[in-house]
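**Q** sequence and computational prediction follow.
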Amino acid sequence: MAEEFGKRVVEDVMGGLGSMVLYIGMETGVWTAMDPRQGASPATSKQISEKVGLDPRYVEELLRTASVHGYLDYVPGIHDATTSGAYSGVPSDNGTFSLPASHAPSLCDKGTSAFLGQPLGILPRMAGHGTIPLVIDAFRSGEGVAFSRYGPEFVEYSCRSYAKEFEFEYGQDWMQRKEVSDIRDKLMEGGKIVLDIGSGSGLSSISLAKQFPHNRVLAVDPDETSTKRTEENIAKAESDGRIAPGEVTAHCCYASDAGCGPADLITIFRVVHDLADPVSLLKQAKGLLASHPAACVLVYEHPAPDQFSQAVTPKWKQTCRIGYTISLLHCLPVSMADSNDQKSAAIGTMVSEVTMRRLAMDAGFSSCSTVVRGSRGYLYRLNP
Ligand SMILES: C[S@@+](CC[C@H](N)C(=O)[O-])C[C@H]1O[C@@H](n2cnc3c(N)ncnc32)[C@H](O)[C@@H]1O
């Protein structure tokens with residue numbers, strides 16, 4: 001039994017190590033340079049490093065590491081220890097490395113459902129900025145780790161991880177559901193105000209404006225890096241004609257300071273779980289809504305079962321393994337930071353429907369219904 005568990009732990013460690021190797025190859029562009037579907041054929045590490053324009057010794061070590069992990073095919077060459085002039089730990093040879101065609105979609109095809117860049121980024125982004133010792137300290141102090149400690153790259157990573165949901169599913173699926181038909185009709189009329197609270201890099205704001213033009217969408221986030229990214233993303237969306245100039249604006253502030261007047265729709269996507277005091281934010285949002293019956297708040301959160309006993313069942317296990325790990329490494333410590341000496345709600349990534357309804361009721365909403373139950377997120381409608 002103990003031996004079995006030991007084997008399992010070693011396998012898990014190997015998997016974690018391997019994912020870092022794949023991530024480095026992805027970020028440096030080495031896998032793309034080796035994509036056989038783009039005409040790459042088996043090549044020596046020297047040839048590959050020349051093709052990508054990177055340091056040959058680093059590329060050699062990456063290719064060797066990836067080969068022993070079984071991610072690349074390697075065909076031995078002739079040892080060249082005396083002539084290469086380099087030690088390479090194990091002497092260099094002119095063996096060739098190739099990326100199997102079946103591995104290429106997961107590692108090279110950005111923007112497709114096959115691409116695994118997002119899960120491969122979890123470890124480096126959550127743990128790669130020196131945050132693990134801070135999380136361990138937080139266990140002792142009961143305090144948190146500020147969002148900004150995860151580094152500026154975290155913002156882009158976090159926001160990109162839901163890019164597909166926001167770009168496609170948000171407008172084409174979620175907003176087409178009958179549960180939101182009244183607010184959809186309002187947005188189609190134009191001239192409405194949408195407040196996207198905690199908008200990150202603004203992808204959800206831009207997507208909504210694209211789907212429902214002639215409205216005013218305010219992307220509001222207190223984080224400076226996020227606001228800067230939003231401004232860049234808005235400028236890009238305007239220049240390639242996805243949205244009209246001025247339809248989306250970025251505001252580095254809290255929702256109450258956005259100063260936009262009553263909002264017809266308020267969206268709060270993947271924010272509630274990160275807050276020390278989510279009820280206050282929801283109350284604030286309720287107070288900012290227009291008075292017509294379609295005005296509502298839409299909240300998007302990670303899926304979670306209503307009872308932890310379900311988390312270990314086959315139906316929930318995969319979702320919960322990812323969600324709870326992200327919670328432990330990032331979301332829970334973030335929610336426990338900046339609580340201004342008050343006790344944090346300490347929710348973490350996993351927000352069950354029961355918890356979401358309770359938060360909505362505590363904030364004074366009259367109802368909270370689940371509009372979408374997706375594999376990566378649930379969309380809730382909160383009515384004032
Ligand atoms: C996980 S990110 C989600 C970003 C974006 N909505 C998305 O789904 O990609 C959480 C965001 O909430 C913002 N945030 C934190 N506290 C906030 C508050 N009190 N009010 C509004 N936004 C807040 C953070 O700056 C961060 O950009």
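**A** Cool, got the structure.
**Q** phi, psi of the closest residue to the ligand within the stretch 1-150 of the chain?
**A** Distances between the stretch 1-150 of the chain and the ligand by C-beta to the nearest ligand atom are smallest at residue 147, namely 5.8 Å. Where C-beta positions appear, they are placed from N, C-alpha and C, glycine not excepted. Main-chain dihedrals, residue 147, degrees, to the nearest 10: phi -50, psi -40.
**Q** who's in contact with it?
**A** For residue 147, the contact set (C-beta atoms under 8 Å, 6 or more residues apart in numbering) comprises 154, 223, 274, 334, 337.
**Q** count the neighbours of the third one for me.
**A** Counted with other C-beta atoms under 10 Å, the neighbours of residue 274 add up to 19.
**Q** just the fourth one next, same as before
**A** One way to gauge burial is a neighbour count; for residue 334, by other C-beta under 10 Å, it gives 25.
**Q** is the helix or strand containing it up against the ligand anywhere?
**A** Assigned by DSSP states H and E, residue 334 falls within helix 332-335. No. Shown here: helix 332-335 not in contact with the ligand (C-beta under 6 Å from any ligand atom), separated by at least 8.1 Å.
**Q** so how far is that helix off the chain centroid?
**A** Remark: helix 332-335 is offset 16 Å from the chain centroid, using C-alpha atoms, centre = their mean, to the nearest Å.
**Q** list the buried residues in the following helix or strand past it.
**A** Reading on from helix 332-335 to the C-terminus, the next helix or strand found by DSSP H and E is helix 353-362. If you call a residue buried by 16 or more other C-beta atoms under 10 Å, then helix 353-362 has these buried ones: 353, 355-357, 359-360.
**Q** equivalent analysis for stretch 268-284, please.
**A** For stretch 268-284, burial by neighbour count (16+ other C-beta under 10 Å) applies to 268-279, 281-282.
**Q** likewise for stretch 367-384?
**A** The neighbour-count check on stretch 367-384 (16+ other C-beta under 10 Å) flags 368, 371-372, 376-384 as buried.
**Q** check stretch 147-167 too.
**A** Residues of stretch 147-167 classed as buried: 147, 149-150, 154-162, 164-167 (neighbour count, 16+ other C-beta under 10 Å).
**Q** and what of stretch 244-252?
**A** Neighbour-count burial for stretch 244-252 flags 247-252 (criterion: 16+ other C-beta under 10 Å).
**Q** quick check: residues of the stretch 51-200 of the chain near the ligand?
**A** Contacts of the stretch 51-200 of the chain with the ligand, taken as C-beta under 6 Å from any ligand atom, map to 147, 158-159, 162, 197-200.
**Q** now pLDDT too, for those, in CSV please.
**A** Shown next, in CSV, are those (pLDDT from 0 to 100):
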residue, pLDDT
147, 89
158, 87
159, 84
162, 92
197, 98
198, 97
199, 97
200, 94
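**Q** could you report the distance from residue 315 to the ligand?
**A** Distance from residue 315 to the ligand, counting by C-beta to the nearest ligand atom, to the nearest Å: 25 Å.
**Q** now residue 305
**A** Computed as C-beta to the nearest ligand atom, the residue 305 to the ligand distance reads 21 Å.
**Q** where does that residue fall, secondary structure wise?
**A** Residue 305 belongs to no helix or strand when elements are defined using DSSP H and E.
**Q** residues contacting it?
**A** Applying C-beta under 8 Å, 6+ apart, we find residue 305 in contact with 311, 316, 320, 352.
**Q** give me the contacts around the helix or strand bottoming out on mean pLDDT in the chain.
**A** Sorted by mean pLDDT, DSSP states H and E, the helices and strands of the chain end with helix 152-160, the least confident at a mean of 85. Here helix 152-160 makes contact (C-beta under 8 Å, 6+ apart) with 118, 121, 125, 129, 147, 200-201, 203, 223, 225-226, 229.
**Q** nice, that's everything, thank you.
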